[in-house]
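>>> Sequence plus predicted model, see below.
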Amino acid sequence: MSDAAGLAAAFEEPAFVPYLAAGDPDVEASLEYVEALARGGADAIELGLPFSEPIAEGPTIQQAVVRSLEGGMTPERFFEFVEALDVDVPLVCMTYYNLIYQYGDGEPVVPFVERAAEVGLEGFVVPDLPAEEADRLRAACDEFGLDLVFIVAPTTRGDRLAAIVERVSGYLYVQARLGVTGARSDVSGRTAESLDRLAEQAAADIPKAVGFGISSGEQAAEVVAAGADGVIVGSALVDIVAQGHADDDPPGVVADRLEAKARELKQGALAGAQRPPRPEGT
Amino acid sequence: MSDAAGLAAAFEEPAFVPYLAAGDPDVEASLEYVEALARGGADAIELGLPFSEPIAEGPTIQQAVVRSLEGGMTPERFFEFVEALDVDVPLVCMTYYNLIYQYGDGEPVVPFVERAAEVGLEGFVVPDLPAEEADRLRAACDEFGLDLVFIVAPTTRGDRLAAIVERVSGYLYVQARLGVTGARSDVSGRTAESLDRLAEQAAADIPKAVGFGISSGEQAAEVVAAGADGVIVGSALVDIVAQGHADDDPPGVVADRLEAKARELKQGALAGAQRPPRPEGT
Amino acid sequence: MSVEKKFGDYGGQYVPEALMPAIEELTDAYERYVLNNEDGFMDEFRRRIRDFGGRPTPLERADQLSERYDREVYLKREDLLHGGAHKLNNALGQVLLAKYMGKERIIAETGAGQHGTATAMAAAHLDLPCEIYMGRRDINRQRPNVFRMRLNDAEVTPVDVGRGTLKEAISETMRDWARTVETTHYVIGSIVGPAPFPAMVRDFHSVIGEEIDRQFRERFDEPPGAVVACAGGGSNTMGTFDAFVDGDAELYAVEAGGSSLTVDDEAGVAPHSASLSTGEEGVLHGARTKLLQDDHGQILESHSVSSGLDYAGVGPELAHLVDEGRVVPTNVDDDAALEAFHRLSQEEGVIPALETAHAFGFLEAVAGPETTRDRELPETVVVNVSGRGDKDLEAVVEETDKRDLENAPSMEVFDG
Amino acid sequence: MSVEKKFGDYGGQYVPEALMPAIEELTDAYERYVLNNEDGFMDEFRRRIRDFGGRPTPLERADQLSERYDREVYLKREDLLHGGAHKLNNALGQVLLAKYMGKERIIAETGAGQHGTATAMAAAHLDLPCEIYMGRRDINRQRPNVFRMRLNDAEVTPVDVGRGTLKEAISETMRDWARTVETTHYVIGSIVGPAPFPAMVRDFHSVIGEEIDRQFRERFDEPPGAVVACAGGGSNTMGTFDAFVDGDAELYAVEAGGSSLTVDDEAGVAPHSASLSTGEEGVLHGARTKLLQDDHGQILESHSVSSGLDYAGVGPELAHLVDEGRVVPTNVDDDAALEAFHRLSQEEGVIPALETAHAFGFLEAVAGPETTRDRELPETVVVNVSGRGDKDLEAVVEETDKRDLENAPSMEVFDG
Ligand SMILES: Cc1ncc(COP(=O)(O)O)c(C=O)c1O
Ligand SMILES: Cc1ncc(COP(=O)(O)O)c(C=O)c1O
């Protein structure tokens, strides 16, 4: 576990960590939307840098990726986007490894991390980079003081979990269910199971944020009540962007909806902390 | 060689032997057409009893066969057709072996020949019955005093020719060219070759009628000049029937055309006999 | 060995005189090259059918069918032969023979296009010009096979007479041959036509049964109890049976029962193609055999969902073996053939030709869960998979759509 | 033997964490069953690929091509494998492995439908439910293959996102797998994807090269001078090369040169699929390999007249062997591939898949009468005929029509 403390600080109280694809559906609106999330109570924000083959995403985020790419998003424009943002919560770049690898000249990976640090990003989530392949990125993150978040799946156990815990910093992204991203109306029983498993590991003292399928304040509350340190919400928010785009709603109106949704989710997370802890072993 | 003399008698002078499919395009018109050919000078007439798979015929006669079958022609109706004809030249039934074989009850082949004799037919041409398979039909013909004509092809030689000559009676149908029936504007050089070959065989004293592709008086003359005892003409006459049918001409008009064509061909045959004989070996 | 011209009273050479010399020449070549391996003809044939054709084809245990029918069911996989059917055995043999005979040109008829494509492949392989006669109607129904022939550089000549199907194409090819016999060989597509074709075509296909015999004995140390093959003209049938005729195996020839066995004599139409089971003796396309014909001897129009079985005649040797009681003729209707098609595709992962499916329809009829026949099939059965079904996909989808079959998959995926 | 996870720097396991346990389980099963023949897995595989698949496939001397190129040209006839392409080697191997692993369900992606049909056949054969993801656009372009999959009882699930082609289908299949890993095995269709797929898929295909080696030595007592195979993902390629990597034979991997090698960076489009010859290192679909990508690392849309080669990546092992100088990467454009397609069809009577045609296009380019390259090809060459062209007939006719090719047959026969 790295000692970079940036992201972990966001989890002092039950945290709400939203995700949006940067530049969806265009740069200007997208800036407004991210700022709306911050206003709504986000404790940290995951910003997607779109990759053409988003194998870990469900249809909702896939479409967001397509919109952003069609709008001309590139890694460099992504960094400019981050620079242009007026928010004061930590920002995490969520992207696929090939974009990190190809950026800039010289030693692969380093230029991307250096530039990320320069624009003020606090860390990365890279869904197609397993811990075993992550040493190069981990080293660069250490060099520039950034966090590297890993996803833990319901199926992750034993040695694999140990390899992740050894390399993670910032927070652990706990995947609530098998499958890909996408809003769902129930929260899997597996979340609790995963949190229990993590509690038993050396992972005890890193914040655990649960994501994949959370779409309401009530779900956020349940997840936090089950022991999570925070909730990650993506598709439910991207849905709002997509709907607004489809209906040609003014960006201001969409931004208001996002802010309201953010508020609901943040409140849910806070409310969850007030609920009685789960009985052992459920 | 059988000693039945009926058909051979038709070749006392250079003979014209026309072919028509009985019942083409319908029974009534067809009767009129056959009678017109007799008036035009036919020395014998080949009447086709249509078979559904006329493998030895070209497109012209195939279509005639189809018209006749569609008009309801059957072997029994064919015999009635022959009975209804008012002509005084010998009539030959040209058909395929399966119709002869299937007719009537009891010993195959015999009922057909018996009935043919009854209605006054003088002989048969069966293009799909090679000499080797013909003993049964030959015997029945002998029994009822009918002739059995065989076709000799440009490629027929040696043993095969001997087998044919041994079984033939009436006349030899000398095929002018390889291939199937159908009018053509030239007469094959092979005709002369074939006639020479036949002259060398024991076949010297049976009439040789040349057919396949003859369509004009001039061609008839050439063939007779080359040594033939007669000409057989089918497709050129069937063409007249087909054209009349297609144009919806009154049967009387078509019959007149047939009679005129018959006259041309008979005159050609006669004229051929006046020409100087071919130089040896051409 | 001497050339078999007749099988009992069946067979013979009922052809126009103009063809007889060619047929005698062919008979002579068949005897020398095929029967006596002159100039190593058969060695070359065996090498080419192995390297070009893909022989031997496997004998595969059909696990699901064996369970379903509670006996050992084996598949002879002729569908894996180059071109997708047994047809190449004969086409390659005859084209090679034409080459040995010094012929310069190949012609053939085709109905569904299977024999035409096999002949075109063989002619391309052996570098001989080739012309295939095909009814206009068939050309339009069988586009992929026409493409294949053209791609192999064969001429495809449309036959416009009559209904534009196989019968007309055969007659037209005979006409071409009558014109060109001196330089041309006519590759007949089944064990039909004048001698020596029926015996010769059988000989080229008899490798099927020889392989079965060897492959089966390697597993069981004895020959199979029953051998089953579909029968149109009967080439895959006799190719499969030949090695077993002198033994004890039961031999089942499965014909196309079409939509019904009742003939419409008035219209000249048989709604089936079961000449072996229901036909009568007669002469067609050069041979005496069992035929579908009306009372007058006119040939009936035959019908079957499978165009390769859709023929009014059948090989004279099969007719003879049926009369002798050595081969059991039977038939399966269109519906049962389609169901068998789906069953084999789903349960064994082998999509058969519709022709082949008839053989499996018979298995279901005599040994399936709802069998209505009381024939007791032996414990071990080999079925010849005469061809693959790729050529039949559109037809199967269309025919399945018209019916209410038990096991038909939906094709809804296209609807979106 | 131990599992190869990397080939030099290429390969690895770049997949979402949720898939890692399944991949570890698979790695373990691969090691036990495939590498160590536990429970006789490889024996059963070899038996089934023989009896169900039709192995060994022949090695055939191409008489006309040998003459044309003035050297000994041999064809490895994978087109005769059940289903019509090499694909079954891998599909059958993986489905059988899934069965040994106790999986209850099979999924796979498909582009042109070749891998999908092979997987559907194997799943039907081994009685496992099967679902194939296929882009909507591909579904409508490849009707016959969709029919075949449905007939084998596989679900075919249309993928509507994006352009509805292979790339989207792969991503969608990975998503299904991420959801269902515990009970489902994902049968990847080439030597791509995360370890252990590249090594495992190669191992199932390596029988191709082993047979070539044996068959060639039977004739020449030495290995061939050169071995040529087309390369999309590279499964037929490595299957053919594997037995020769440690020897001296020259190994040529022929990619799709498409209409041009010039990339349109603005549109994100490569008008070719030559990732091995022109691509750069990157990470795609679970592996580090050579890719077609823009300056930012976004994957380019690839193009080829042959849909089976139309992929922006390539197997990591091939990328490594190219870097090592052991495999020579080369490419052939659409026009030359079509000409080669017609040449093989006309001169050898073998209608190849369009993918395969590229390998023959290379032969023409280096050894043909108008060769422009000065590479001197060895005296003996084996070309892998990875598949047959039946699936490509409509496409070939259409693409040929658009061009002015030297040797295209006319399809006028349909005009009447
Ligand atoms: C696959 C297949 N099986 C069987 C047949 C029937 O022919 P035969 O009875 O001569 O084997 C055909 C004819 O086209 C065919 O294609
Ligand atoms: C016949 C054939 N050859 C080659 C390929 C290319 O695949 P690979 O490069 O994995 O052999 C395909 C893919 O569909 C194919 O169908």
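Nice, thanks for sending it over. On a predicted model such as this, the values are computed, not experimentally measured, just so you know. Ligands and ions are numbered 1, 2, ... in the order given.

>>> Only C-alpha atoms from now on, for both contacts and neighbour counts.
Will do.

>>> middle-most residue in chain A, spatially?
Centre of chain A computed as the mean C-alpha position; nearest residue by C-alpha atoms, centre = their mean is A:E46, 4.1 Å away.

>>> After the helix or strand hosting it, which helix or strand is next?
In this assignment (DSSP states H and E), A:E46 forms part of strand A:45-48. With elements assigned by DSSP H and E, the helix or strand that comes after strand A:45-48 is helix A:59-70.

>>> For that following helix, name the packing helices and strands.
With contacts taken as 3 or more C-alpha pairs under 8 Å, 6 or more residues apart in numbering or on different chains; DSSP states H and E, helix A:59-70 sits against strand A:15-21, helix A:235-246.

>>> Out of these, which is the most enclosed?
strand A:15-21 (a mean of 28; mean count of other C-alpha atoms under 10 Å in any protein chain shown).

>>> That one close to chain D?
No: counting by C-alpha under 8 Å from any C-alpha of the partner chain, chain D has no neighbours in strand A:15-21; the shortest distance is 15.7 Å.

>>> and that strand, which strands flank it?
With DSSP bridges as the test, strand A:15-21 is paired with strand A:45-48 (parallel), strand A:230-233 (parallel).

>>> okay, those in JSON lines with mean pLDDT and distance to ligand 2 next?
Listed next are these as JSON lines, based on pLDDT from 0 to 100; distance: least, C-alpha to the nearest ligand atom, whole Å:
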{"stretch": "strand A:45-48", "mean pLDDT": "98", "distance to ligand 2": "32"}
{"stretch": "strand A:230-233", "mean pLDDT": "96", "distance to ligand 2": "39"}
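
>>> of all those strands, which lies closest to ligand 1?
strand A:45-48 (56.2 Å; C-alpha to the nearest ligand atom).

>>> do you know which of the helices and strands packed on helix A:59-70 lies nearest A:F124?
Closest of those to A:F124 is strand A:15-21, at 12.5 Å (criterion: C-alpha to C-alpha).

>>> Tell me what angle the closest one forms with helix A:235-246.
40 degrees (axes from the mean of the first three to the mean of the last three C-alpha atoms, to 10 degrees).

>>> ok, then the element right after strand A:15-21?
Defined by DSSP H and E, the subsequent element after strand A:15-21 is helix A:27-39.

>>> Show me which parts of that next one are buried, residue by residue.
Using 16 or more other C-alpha atoms under 10 Å in any protein chain shown as the test for burial, helix A:27-39 gives A:27, A:29-39.

>>> Out of these, flag the one nearest to chain B.
Using C-alpha to the nearest C-alpha, A:V27 is the member of the buried residues of helix A:27-39 that sits closest to chain B, with 76.2 Å.

>>> The residue in the stretch 151-300 of chain C that ligand 2 sits nearest to: what's its closest spatial neighbour, skipping adjacent residues?
Across the stretch 151-300 of chain C, the shortest distance to ligand 2 (C-alpha to the nearest ligand atom) belongs to C:L151, at 17.6 Å. Using C-alpha to C-alpha, 6 or more residues apart in numbering or on different chains and skipping residues adjacent in sequence, the residue nearest C:L151 is D:S345, 5.9 Å away.

>>> And for C:V187?
In space, C:V187 is closest to C:A108, 5.1 Å off (C-alpha to C-alpha, 6+ apart).

>>> show me where the stretch 101-250 of chain C has helices.
For the stretch 101-250 of chain C, the helices defined by DSSP state H, counting those that start in this stretch occupy C:114-125, C:136-141, C:143-151, C:166-180, C:197-205, C:207-220, C:235-241.

>>> Outline the domain layout of chain C.
Domain assignment for chain C by automatic domain parsing gives C:8-52+C:87-201, C:59-84+C:206-405.

>>> can I get these in CSV with mean pLDDT?
Formatted as CSV, the domains of chain C follow (pLDDT from 0 to 100):
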stretch, mean pLDDT
domain C:8-52+C:87-201, 94
domain C:59-84+C:206-405, 96
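
>>> Compare these and give me the one nearest D:R403.
Using C-alpha to C-alpha, the domains of chain C put domain C:8-52+C:87-201 closest to D:R403, at 15.8 Å.

>>> for the closest one, how far is the first residue from the last?
Domain C:8-52+C:87-201 has an end-to-end distance of 18 Å (criterion: C-alpha to C-alpha, to the nearest Å).
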